[in-house]
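# can you look at this prediction? I've put the sequence above it.
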Number of protein chains: 2
Amino acid sequence: MANEDQRADLLWGSRNKPARPPRLALTVDRIAGAAIEVADAEGMASVSMQQVAARLDVTKMALYRHVASKAELVAVMIESAVGEPPNLRTVPGGWRPRLVTWADLMRETWQRHPWLPAATTGERMTGPREVGWTESAVAALTDTGLDGGERMDAVFLLSGHIRNTQSAETAGTQPWTAEKHLREILQEHRERFPALHEAAQSTNGAPRDNGWEFGLNRILDGLEVLIKGRRPNRAR
Amino acid sequence: MANEDQRADLLWGSRNKPARPPRLALTVDRIAGAAIEVADAEGMASVSMQQVAARLDVTKMALYRHVASKAELVAVMIESAVGEPPNLRTVPGGWRPRLVTWADLMRETWQRHPWLPAATTGERMTGPREVGWTESAVAALTDTGLDGGERMDAVFLLSGHIRNTQSAETAGTQPWTAEKHLREILQEHRERFPALHEAAQSTNGAPRDNGWEFGLNRILDGLEVLIKGRRPNRAR
DNA sequence: TCGATCTGTGTCTATCGTACACCTTGTGTC
DNA sequence: GACACAAGGTGTACGATAGACACAGATCGA
């Protein structure tokens, strides 16, 4: 009986709207994918269990069958979004071009998923891919004469710069990056902030990259000073 | 009658527990102060209208008589916590010692209020004191030959480093700063992350400052390279 | 065919920011 | 001195959040 109904449905139109839609099984990957879609489109703040569930046409509680908590979901999102860490051993020219390549790749990834900076803060679970990216960068500094702590500090410095420049979160941190609103305030109180006002004047029209190139070059120059000083014989 | 009761209270014990406690008037400053206390003690995540109100022995809705929104409250907290920006003109030795002084002062402030990094992210209202700190640093770079954009990028780079190293938020960003838990994972998968593992080995026991000194010196060295190249004649 | 095991649903609670209708209380005016 | 009014604090309500827990339907092995 029910069987016959189903057949009739199949014959007369249920192909477009099946009685029981052959819903794809919920999996961690599908959930993470939906969450990433939400985050890409509307930002990390919109990633709630309900939003993600709605996108999968499912109850929010269903997600908890596959994911222990929202924190775990975010962790899976991150691992999925960062992708496989790069292999820099094929990049010629030593540590500096390798770090530049690494930074560019990381920047690309973070631009593709602007929510990554916001998601990768605070105490959280860290996945193998994320650690792999760090491994890549630390490995690029192997022959530099820097000790372990210095190598890790250098990578932290560099990735921190990427975070700061890429993050929509920290973008509003400095007066000149913010809205016109703040520019107006600066204009209005220019006698109170003369150096800022003057600096802002002499930079109008310049293509702003949030200080990305500038900071990257400063950091690498600073590392180079240290590294050259560390192995004075084979310098260059 | 009621009057007599009150008098009796006054005579016989109400001095310790007055019938109507002479509650301090609610003011923006008192609210911000209470909020800062909560944030200092329990972190930014615990700063809710109810928590703050409870500390003042008042309903959460009472706060809205003095503050338009939570965002505004946070803005006032920040302005109050950062304090007056420093005057660096008295610091001798040129731009570099001035920036070091500025960075140290900023670091002190942020250590006193560990929630500041978390609070000063994202789109938000910026107050005059906060802008004043930036003004200080930009002013320190006046005679360096850097153009306006470069001066601002340099300050952004430096303050970003402070944010990254001071922030409890980004502290867990790198594998080695995190809990033993992650250290164990690193130990367990050491064949997968050889460079990280080796670097972690050769740094054990070293006093960790989250890369603060290292990054500061690299950034300043990098700036020095640029500045010296910018004014080759009066180099020093 | 009959359980057992998955997997998704529905209902519930606590907490969040905040809107809105009160009520109380101190103050200025007639 | 009575009274109206405004300022400031209270109580209730709403929608959104994360998540606990009991249940229902399907699927699969014995």
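Right, received. Where do you want to start? Quick caveat, the model's predicted, so the values are computed rather than measured. Numbers count the residues shown, from 1 in each chain, chains lettered A, B, ... in the order given.

# C-alpha from now on. contacts and neighbour counts both.
Will do.

# which residues of chain A lie near DNA strand C?
Selection of chain A residues close to DNA strand C by CA under 7 Å from any atom of the strand yields A:25-26, A:57-63, A:65-66.

# if you rank those residues by neighbours, which is first?
With neighbours defined as other CA atoms under 10 Å in any protein chain shown, the most crowded of those is residue A:63; it has 22 neighbours.

# would you confirm that residue A:102 contacts residue A:89?
No. Counting by CA atoms under 8 Å, residue A:89 is not a contact partner of residue A:102; they are 11.0 Å apart.

# between those two, point out the one with more neighbours.
The residue with more neighbours, out of residue A:102 and residue A:89, is residue A:102; 24 against 12, by other CA under 10 Å.

# tell me which helix or strand comes right after the helix or strand of chain A with the lowest mean pLDDT.
Confidence across the helices and strands of chain A bottoms out at helix A:2-12, with a mean of 41, counting by mean pLDDT, DSSP states H and E. Remark: after helix A:2-12, the chain's next helix or strand is helix A:28-42, criterion DSSP states H and E.

# neighbouring contacts of that following helix?
Helix A:28-42 is contacted by residues A:44-47, A:51-53, A:55-56, A:63, A:66-67, A:73-74, A:76-77, A:80-81, A:112-115 when judged by CA atoms under 8 Å, 6 or more residues apart in numbering or on different chains.

# just the buried residues of the residues you listed.
Burial of the contacts of helix A:28-42 was assessed by neighbour count (16 or more other CA atoms under 10 Å in any protein chain shown); the buried members are A:44, A:47, A:51-53, A:56, A:63, A:67, A:73-74, A:76-77, A:80-81, A:113-115.

# keep those, but drop any that are not near DNA strand D.
When CA under 7 Å from any atom of the strand is taken as the criterion, the members of these that contact DNA strand D are A:47, A:51.

# keep only those of the buried ones among the contacts of helix A:28-42 that are in helices.
A:51-53, A:63, A:73-74, A:76-77, A:80-81 (DSSP state H).

# let me see the domain layout of chain A.
Domain ranges of chain A: A:2-81, A:83-171+A:206-230, per automatic domain parsing.

# ends of the longest one, what's the gap?
The separation between the terminal residues of domain A:83-171+A:206-230, taken as CA to CA, to the nearest Å, is 34 Å.

# quick one: whichever strand or helix holds residue A:158 near chain B?
Using DSSP H and E, residue A:158 sits within helix A:148-166. Yes. With CA under 8 Å from any CA of the partner chain as the threshold, helix A:148-166 lies in contact with chain B, specifically through A:148-154, A:156-157, A:160-161, A:164.

# also stretch A:198-217?
Yes. Using CA under 8 Å from any CA, stretch A:198-217 reaches chain B at A:198-203, A:206, A:210-211, A:214-215, A:217.

# how far off centre is that stretch?
Mean C-alpha position of stretch A:198-217 versus that of the full chain (CA atoms, centre = their mean, to the nearest Å) differs by 22 Å.

# ok, back up a step: can you redo the ones in helices among the buried ones among the contacts of helix A:28-42 as TSV with pLDDT and distance to chain B?
Compiled in TSV, these are given as follows (pLDDT from 0 to 100; distance: CA to the nearest CA, whole Å):
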residue	pLDDT	distance to chain B
A:51	97	22
A:52	98	23
A:53	98	26
A:63	98	25
A:73	97	17
A:74	97	14
A:76	97	16
A:77	97	16
A:80	97	17
A:81	97	16
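
# is chain B contacted by stretch A:121-138?
Yes. Part of stretch A:121-138 sits close enough to chain B to count as contact by CA under 8 Å from any CA, namely A:121-124, A:126, A:131-132, A:134-135, A:138.

# who are the contact partners of the residue nearest the centre of chain A?
Averaging the C-alpha coordinates of chain A gives a centre point, and the residue nearest to it by CA atoms, centre = their mean is residue A:116 (3.0 Å). Counting by CA under 8 Å, 6+ apart, residue A:116 touches A:78, A:110, A:167.

# contact partners for the second one?
With CA under 8 Å, 6+ apart as the criterion, the residues that contact residue A:110 are A:82, A:116-117, A:166.

# what's the closest of these to DNA strand D?
Of all the contacts of residue A:110, the one sitting nearest DNA strand D is residue A:116; the distance, using CA to the nearest atom of the strand, is 16.3 Å.

# brilliant, that's me finished.
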